[in-house]
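J.: predicted model, plus sequence, below.
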Amino acid sequence: MNNFKSPKLKNKSGGDFFIKTFEFAVIFGGKSCENEISVITGTMACNLLKNAQKSVLPLYISQQGDLFCGEELLDINNFKSGAQSKKQPAIFVKGGVALLNKKGKIKNYISVGCLINCCHGGIEEGGAISSLCSFYSIPLVGSGIFSSSACINKYFTKLALNGLGVKCAPWQLVNSLGDIPQAIAKIGLPVVVKPRNLGSSIGVALAHTEQEVAEAMQNALYLDDAVILEKYLQGRRELNCAAYFNGSEVITSECEEVLSSGELLSYDDKYSGGGASCFPAKISEQISAQIKDTTKKVYTALEMNGIVRMDYIISQGEVYLCEVNTVPGSLSHYLLTENFSQFTSLLCNLAAVAKNRYAILSQKGVINTGILDNLNANACKIK
C-alpha cells in the first residue's frame with residue numbers, strides 16, 4: 001500500500017481520530033479554465049470505479065483552490081449550481097487526506113490506496129498533483145513532476161520535442177505585442193495563437209494578419225503570461241493518439257482524426273457537438289505507424305505514466321507533433337477501450353502499476369551527510 005500509519009492523536013473526547021481507507025481517490029477540478037471539463041472526467045472515473053464495487057473517494061478542487069470531498073461529488077448535477085462549495089473541506093496529509101471541521105481543525109483521517117489525477121490544465125495537471133502525491137506518500141496514476149510540468153507549458157514542450165528530434169510546426173514564443181513583427185518575420189502568416197499553459201482550445205485563435213495576431217494575443221494574455229505563435233499549416237489534418245504504460249511496455253491506441261467545423265478545432269467542436277471525429281483515422285499504414293512510434297518515443301523519453309494523449313498535424317505528407325496532454329479529456333477512454341467495463345479494468349491495472357512503482361521508489365534511502373556535526377557552534381550566528 002502506501003506506508004500510511006495511524007496518527008498518534010486524540011480527539012476532544014480523548015478517543016482516536018477515525019481513520020477510513022479507500023482503494024481509490026479521484027481528484028478533479030482545479031484552479032483552471034478547464035475546471036468544468038475536469039468535472040466530467042473525474043465524476044465519470046469515480047462512478048465507473050464505484051459501479052465496479054471499488055471504494056472510491058471523490059476529491060474536488062475549486063477554482064479558488066479549496067479541496068473538498070464527499071459522496072455528493074459523484075453527481076455531476078451538484079456542480080451546476082455551485083453546490084460543490086458546501087461539501088466537506090479537506091487537506092492532504094501523509095498517506096491520504098484529512099477532513100476538517102467548521103473551524104478548520106482536523107476531525108478525521110482517510111487513507112488512500114492510490115490517487116487518479118483527472119485535473120485538466122493549470123498547475124494541477126502541470127505537476128502540482130504529482131508533487132503532492134510524492135510529498136505525501138500517495139501512489140499516483142499519472143505522470144510525474146517533470147513530464148507534467150514540461151507538457152503543460154507549450155514552450156517547454158517544444159524545447160523537449162526539439163531535443164528528441166521530433167518535428168513540430170514552426171513556432172515562436174511571444175511575451176508582448178512588441179514581439180509580434182519579429183515573430184511573424186520568422187514563421188510567416190497565418191498563425192495559430194495559443195496561450196502557452198492552457199488547453200481545450202481555450203484562448204486559441206487563427207490569425208491571418210498582424211492586426212489579428214495582436215487582437216488574439218491580447219485575449220490570450222488575459223488568461224496567460226505568454227503566447228505561442230504556431231505556423232498554420234495548409235491542408236492540415238488533426239489526429240490524436242493515446243498511450244499508457246502497462247508495467248512492461250507502452251501501449252498506443254489507434255489514431256483518431258478530429259474534424260473541425262471551421263479552419264481550426266475549437267472548444268465548441270470538442271465539447272459542444274460542433275465537430276466530429278473518425279476513428280480509426282483513414283490514413284496510410286505508414287503514417288499510422290509513424291505516429292504510434294513517435295508517441296511511444298516521447299512517452300518513454302519523458303518517463304511518463306498513466307494515460308497520455310498526443311495531438312498531431314498532418315500537412316503535405318509530413319507529420320508534426322503539436323501538443324502532449326498528460327491528463328486527457330475523459331482520460332481518452334474512447335481511444336483505448338471499446339466500452340466502460342474495459343476502461344474500468346484499465347484504471348485498476350494502472351493503479352496496480354502505480355502502486356508497484358511507488359513500492360520500488362519507497363525503498364530508496366535518504367542519508368545525512370553529517371556536515372552539521374562538524375560545524376563550529378557559532379558558525380551560523382550573525383554578529
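T.: Now that the structure is in, tell me what you want to look at. Predicted model, so just to flag it, every value in this text is computed and none were measured.
J.: what are the ranges of the helices in this protein?
T.: 35-51, 122-123, 129-135, 145-152, 154-163, 180-187, 210-223, 267-271, 285-301, 333-336, 340-362 (DSSP state H).
J.: now the fifth one and helix 285-301, what's the angle there?
T.: In this structure, helix 154-163 runs at an angle of 110 degrees to helix 285-301, with axes from the mean of the first three to the mean of the last three CA atoms, to 10 degrees as the basis.
J.: in this protein, what helix or strand scores lowest on average pLDDT?
T.: Least confident helix or strand of the chain, by mean pLDDT, DSSP states H and E, is helix 267-271 with a mean of 60.
J.: would you map the strands across the stretch 51-200 of the chain?
T.: With strands called from DSSP state E, counting those that start in this stretch, the stretch 51-200 of the chain shows them at 56-61, 67-69, 88-93, 96-100, 106-112, 115-117, 140-141, 171-174, 191-195.
J.: quick one on the thing from earlier: the helices of the chain: which one's closest to Glu323?
T.: Closest to Glu323 of the helices of the chain is helix 154-163 (CB to CB; 6.7 Å). All C-beta atoms are positioned from the backbone trio N, CA, C, and that covers glycine.
J.: tell me the buried residues in the closest one?
T.: For helix 154-163, burial by neighbour count (16 or more other CB atoms under 10 Å) applies to 154-158, 160-161.
J.: again with stretch 35-53
T.: Neighbour-count burial for stretch 35-53, counted by 16+ other CB under 10 Å, picks out 35-50.
J.: among these, which one sits closest to Ala25?
T.: Cys46 (9.3 Å).
J.: got a list of what that closest one touches?
T.: 26, 56, 58, 73-74 (CB atoms under 8 Å, 6 or more residues apart in numbering).
J.: again, only using 7 Å
T.: Neighbouring residues of Cys46 by CB atoms under 7 Å, 6 or more residues apart in numbering: 26, 56, 58, 74.
J.: Ile283: what's it in contact with?
T.: Contact analysis of Ile283 by CB under 7 Å, 6+ apart lists Cys255.
J.: ok so, going back, out of the strands of the stretch 51-200 of the chain, the one nearest Glu238 is which?
T.: Comparing the strands of the stretch 51-200 of the chain against Glu238 with CB to CB, the closest turns out to be strand 191-195 (11.3 Å).
J.: partners of that closest one in the sheet?
T.: According to DSSP bridges, strand 191-195 forms sheet pairs with strand 205-207 (antiparallel), strand 227-231 (antiparallel).
J.: can you read off the pLDDT for Ala354?
T.: Reported pLDDT at Ala354 in the predicted model: 97.
J.: wait, it touches Pro139, no?
T.: Yes - between Ala354 and Pro139 there is a contact under CB atoms under 7 Å: 4.5 Å.
J.: spit out the residues that contact the two alike.
T.: Taking CB under 7 Å, 6+ apart as the contact rule, Ala354 and Pro139 both touch Cys114.
J.: highest average neighbour count across the strands paired with strand 191-195?
T.: Highest mean neighbour count of these: strand 227-231, a mean of 25 (counted as mean count of other CB atoms under 10 Å).
J.: quick one: average pLDDT of it?
T.: 96.
J.: keeping just the C-alphas, turn that strand into CSV.
T.: Taking C-alpha atoms only, strand 227-231 is exported to CSV below (Å, rounded to 0.1, in the frame of the first residue of the first chain):
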residue,chain,number,x,y,z
VAL,A,227,1.8,33.1,-26.1
ILE,A,228,3.0,30.6,-28.7
LEU,A,229,2.6,31.6,-32.3
GLU,A,230,2.5,28.5,-34.4
LYS,A,231,2.6,28.4,-38.2
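J.: what's the spacing between it and its chain's center?
T.: A distance of 21 Å separates the centroid of the chain from that of strand 227-231, by CA atoms, centre = their mean, to the nearest Å.
J.: that strand to helix 180-187, inter-axis angle?
T.: Going by the same axes, to 10 degrees, strand 227-231 makes 30 degrees with helix 180-187.
J.: if we can go back for a sec, which of the strands of the stretch 51-200 of the chain is buried the deepest?
T.: Ranked by mean neighbours (mean count of other CB under 10 Å), the strands of the stretch 51-200 of the chain are led by strand 115-117, with a mean of 29.
J.: so what's the gap between that one and the chain middle?
T.: Put simply, strand 115-117 sits 10 Å off its chain's centre (CA atoms, centre = their mean).
J.: with stretch 46-63 instead?
T.: 17 Å.
J.: stretch 354-361 too?
T.: 20 Å.
J.: now Val250: how far from Ala351?
T.: Distance, Val250 to Ala351, using CB to CB, to the nearest Å: 18 Å.
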